[in-house]
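Visitor: Pasting a predicted model and its sequence here:
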Amino acid sequence: MKRMKTIVATAVLLICMAGCDRDMMSEKGFRLPDGDAIAGREAFLYMQCHQCHTIRGEELPALPFGDPPYVELGGKVTRVRTYGELVTSIINPSHKLASGYAEELVSENGESNMYNYNGYMTVQELTDLVVFLQPHYEVMTPAYPIRIHP
């Protein structure tokens, strides 16, 4: 009987300890609803994202009286742009600033110049935007020069 109590107590302790090891910010179990690429393009235009962004391979209407877009989305990349990275870029643009652009164009005091749409954008619009943007990235293998030693 005492042995059975010890086994049960040990099992309960192990189960409780397993919960302590979890990362509170884990993406496990996190899944947004499916999006619609056509609705994503409409949301991109409706929210005037094309005021600052172009998309490689996509014809977008020009905005009157606006500066030309200066941050290109899509194109050739050396690694997959994941669903999570695109969601993060939209809802928290200061998390990782666009590289390769003049700092004064993309940020001020280390914060992104991108407008924060979190109070206006629906979850469905967010998922639609991501599904619209993701296929515009083309993953290519980086060219590594091979050195031959004599």
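Guide: That came in fine, so what should we check first? Not measured: the values here are computed from a predicted model.
Visitor: so where's the protein shaky on pLDDT?
Guide: Low-confidence segments of the chain (pLDDT under 70): 1-2, 4-6, 8-29, 150.
Visitor: And the helices in it?
Guide: 2-20, 37-46, 83-91, 103-106, 123-133 (DSSP state H).
Visitor: Contacts made by the fourth one with the rest, please.
Guide: I take that to be helix 103-106. Y70, V71, L97, A98, S112, N113, M114 (CB atoms under 8 Å, 6 or more residues apart in numbering). Where you see a C-beta, it was placed from the backbone N, CA and C, and this is true even at glycine.
Visitor: which of these count as buried?
Guide: Those of those that meet the buried threshold are V71, L97, A98, S112, M114, by 16 or more other CB atoms under 10 Å.
Visitor: Report the separation between the second one and M140.
Guide: With distances defined as CB to CB, to the nearest Å, the gap from L97 to M140 amounts to 23 Å.
Visitor: One more: the first one?
Guide: When distances are taken as CB to CB, V71 and M140 turn out to be 20 Å apart.
Visitor: buried set for stretch 75-84?
Guide: Across stretch 75-84, burial judged by 16+ other CB under 10 Å covers R81, Y83.
Visitor: And stretch 41-55, by the same measure?
Guide: Buried residues in stretch 41-55 (16+ other CB under 10 Å): R41, A43, F44, M47, C49, H50, C52, H53, T54, I55.
Visitor: Name the nearest residue to the first one, sequence neighbours excluded.
Guide: By that I understand R41. F132 (5.1 Å; CB to CB, 6 or more residues apart in numbering).
Visitor: Surely the one you found and G40 touch.
Guide: Yes: with contact defined as CB atoms under 8 Å, F132 reaches G40; the gap is 2.7 Å.
Visitor: picking that back up, and which of the buried ones among the contacts of helix 103-106 is nearest Y144?
Guide: Comparing the buried ones among the contacts of helix 103-106 against Y144 with CB to CB picks out A98 as the nearest, at 25.0 Å.
Visitor: quick one, phi/psi of that closest one?
Guide: With angles defined as degrees, to the nearest 10, A98 sits at phi -60, psi 130.
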